[in-house]
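Undergrad: model this:
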Amino acid sequence: QGVLVPGLGTFAVVHKQVNSTEEMYVVQRTVFQLDMNVSCLQELMFPTVMIPGDIEIMPLDYWWLSQITSLPPDVVRNCVEETILLYSFQLRDRQNPTFAFGDIGVLSCQDNFLCMRFHHICIVGMESWYPWVAPLL
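TA: Modelled structure (predicted):
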């Protein structure tokens, strides 16, 4: 399960094996793989996350977004594209912008490090089997 936001990156849920002294658990982990133009990210550091090839990646569903926002799909698409463009310009100009994704998390840049921080509720919501393990990841 994954969603590609063109020009920004991919949000996905991957399986992670966690070993304890007593058992082995497989939990779901939310990840973000950055997919921005590297030339605008010169001198910025960011975690390199590799999403396994067996994860199905779907494009952002502009039609669904238009249904929940009551805006036409082309307006939603333009809004997303313009927002990502503005964000990349701000990164390039070292304005250290913060990009909030509702109940998902926050993409921020601090001390030249670009990082996606997922909200606790998002992480726990993804993991139904071992909710106490997911936040530790």
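Undergrad: going forward, measure contacts and count neighbours with C-alpha atoms only.
TA: Noted.
Undergrad: can you classify the closest residue to Thr48 other than its chain neighbours by secondary structure?
TA: In this structure, Thr48 finds its nearest non-sequential neighbour in Gln33, 7.0 Å apart by CA to CA, 6 or more residues apart in numbering. The three-state assignment at Gln33 reads strand, by DSSP: H, G, I helix; E, B strand; the rest coil.
Undergrad: restricting to C-alpha, output stretch 56-69 in CSV.
TA: Extracted C-alpha coordinates of stretch 56-69, given in CSV (Å, rounded to 0.1, in the frame of the first residue of the first chain):
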residue,chain,number,x,y,z
GLU,A,56,1.8,-1.5,-4.7
ILE,A,57,2.1,2.2,-5.3
MET,A,58,-0.9,4.1,-6.5
PRO,A,59,-1.0,7.7,-7.8
LEU,A,60,-2.7,10.3,-5.6
ASP,A,61,-6.4,10.1,-6.2
TYR,A,62,-7.4,13.6,-7.2
TRP,A,63,-11.0,12.5,-8.0
TRP,A,64,-11.4,11.1,-4.4
LEU,A,65,-9.9,14.3,-3.0
SER,A,66,-12.3,16.4,-5.1
GLN,A,67,-15.2,14.4,-3.7
ILE,A,68,-14.3,15.0,-0.1
THR,A,69,-13.4,18.7,-0.6
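Undergrad: how about low-confidence regions in the chain?
TA: Confidence mapping of the chain against pLDDT under 70 gives the ranges 27, 37-43, 47, 123-137.
Undergrad: could I get the full set of helices for it?
TA: 62-69, 73-92, 120-126 (DSSP state H).
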